[in-house]
Each structure stands twice: as structure tokens, then as C-alpha cells.
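Undergrad: model the following, please.
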Amino acid sequence: MRIAAIATLAVMAAGVAQADETAQPTERKVTVCMEGGSAFGVKLAQAIASEMFAGIGVTVDWRKGPADCPPQGILIDLTDRTPADLRPGAFAYSTLEQQHIRLFYDRVAQVRPKLLLPHLLAHVLVHEITHVLEGTSRHSAQGVMKAQWTPDDRNSMMWKPLPFTSEDIDLIYLGLAARARRSPDAVSTAGFRTAGQPPSEP
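TA: Residues are numbered from 1 along each chain as shown. Below is the predicted model of the structure:
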């Protein structure tokens, strides 16, 4: 896993090195278009997610649904009544090449205590958005990009967001730089991933 991540960094860094330095963005910003924003805890979750990204110098421009979404925007569908046999135990999954995320709100909403809901939702949002920005299905050994969060991780979320690793920060920056240089209709060919969470009750 670590070897693959290092290889990914090397390839992306090479692409950045070949680019004209004047083409580098002056602001690290990503547009996220999300339907279902009126559901309980979503607005607070978006605010928490924005603060998490702001902590590494990235601005999130939240918009409503596909109608207001630019070509480079990341589209998130917030769904409920998720079939039990659809990616059991997962809170969300991403189609990287389409920059699309499907988030199973009904599964997140089952979390207890209820106070945890917006914090957990924020971390799911950040986790999936980061996968799309990095263009890879890799996970980190700790922090918000762990493959699975432990009960201790979930408890910690309520008081202090889980951090990004330095490797994830580098990959996010490289991904944003690459996105800024791409034509608006270009898409990633990085593949498809499923975001798995512990199948046990939170």
C-alpha cells in the first residue's frame, strides 16, 4: 500500500514539475455539489468539513445539486432507504472517473449518540472528497483517511476532527494542481472505489 502511494506521488509530482509554474492556482479550491442538504445535520457537517479542509489551506465551495455544478465540480448524492445488500457496511462510495459520490445518509443517521451524526457525516464527506481529489483508492494508517474508523476514532470526532496525514495533504495539493490544468470536460481515469466502514453498529 505504501509503495503504491509513493509511486502515485512520484507520478503526480513529475506532472507538476513539467507544468508551467505560472499555471499554478493561486487558491486551492474545490467545488462540491450536494443534493439533500436539508437533511438533519447536513449543514453542520458541511461547516465541519469546510473547517477540516481549511486547516490544510483548501476552500470548499458548496453548491446545490447538479444544476449549479461546474464541469470540474464533485457531485454528491445524499440517499436514504439504502438496500441492505448494496455495499453492506459502507457509508458511501465514489466513482472516481466521474467525480461522483453516493452517500448513504440513512446508514450514517443510525449512529448513536445522535450528537455524533454531523461529525461522522463530515468525516465521511471529507474522506470521499479526498479520494476524488487524490484520484486514488489508497488509505492511510491513521486520521480521516483510515479505511475504517474505530469506536475511539468516532468518539474523538465529536471534540476534534481526525487529521490528514502529510502524505494525504501532498496528494490533495497535487490533485488540485492537476485538476486546475485539465480542460473542463476532462475526467479522471483512476478507477472505482468503495468506501467501507465497520459493519458493526456504531
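Undergrad: with adjacent residues omitted, what lies nearest to L115?
TA: Nearest residue to L115, sequence neighbours excluded (CB to CB, 6 or more residues apart in numbering): M158, at 6.3 Å. Heads up, the C-betas are built off the backbone N, CA and C, glycines and all.
Undergrad: who are the neighbours in contact with that neighbour?
TA: L115, L116, H119 (CB atoms under 8 Å, 6 or more residues apart in numbering).
Undergrad: most neighbours among these, please name it.
TA: Within the contacts of M158, neighbour counts (other CB atoms under 10 Å) peak at H119, which reaches 23 neighbours.
Undergrad: what helix or strand does that one sit in?
TA: helix 117-134 (DSSP states H and E).
Undergrad: could you identify the helix or strand that succeeds that helix?
TA: helix 151-157.
Undergrad: for the residue nearest the centre of the chain, give its distance to A45.
TA: For the chain, the residue nearest the mean C-alpha position is I129 (1.9 Å; CA atoms, centre = their mean). Computed with CB to CB, to the nearest Å, the distance linking I129 and A45 is 12 Å.
Undergrad: and T59, how many neighbours?
TA: Residues near T59, counting by other CB under 10 Å: 12.
Undergrad: wait, it sits on A49?
TA: No: with contact defined as CB atoms under 8 Å, T59 does not count as touching A49 (11.6 Å).
Undergrad: check the average confidence over stretch 40-52, would you?
TA: What stretch 40-52 shows for mean pLDDT is 96.
Undergrad: ok, residues contacting it?
TA: Identification of contacts with stretch 40-52 by CB under 8 Å, 6+ apart yields 34, 36-37, 59-60, 62, 78, 109, 117-119, 121-123, 125-126, 129, 144, 161, 164.
Undergrad: now the helix or strand where R107 lies: average pLDDT?
TA: Using DSSP H and E, R107 falls within helix 105-108. Helix 105-108 carries an average pLDDT of 95.
Undergrad: which other helices and strands contact that helix?
TA: Counting contacts by 3 or more CB pairs under 8 Å, 6 or more residues apart in numbering; DSSP states H and E, helix 105-108 packs against strand 74-79, strand 90-95, helix 117-134.
Undergrad: kindly calculate the angle that the longest one makes with strand 90-95.
TA: Angle of helix 117-134 versus strand 90-95, following axes from the mean of the first three to the mean of the last three CA atoms, to 10 degrees, is 20 degrees.
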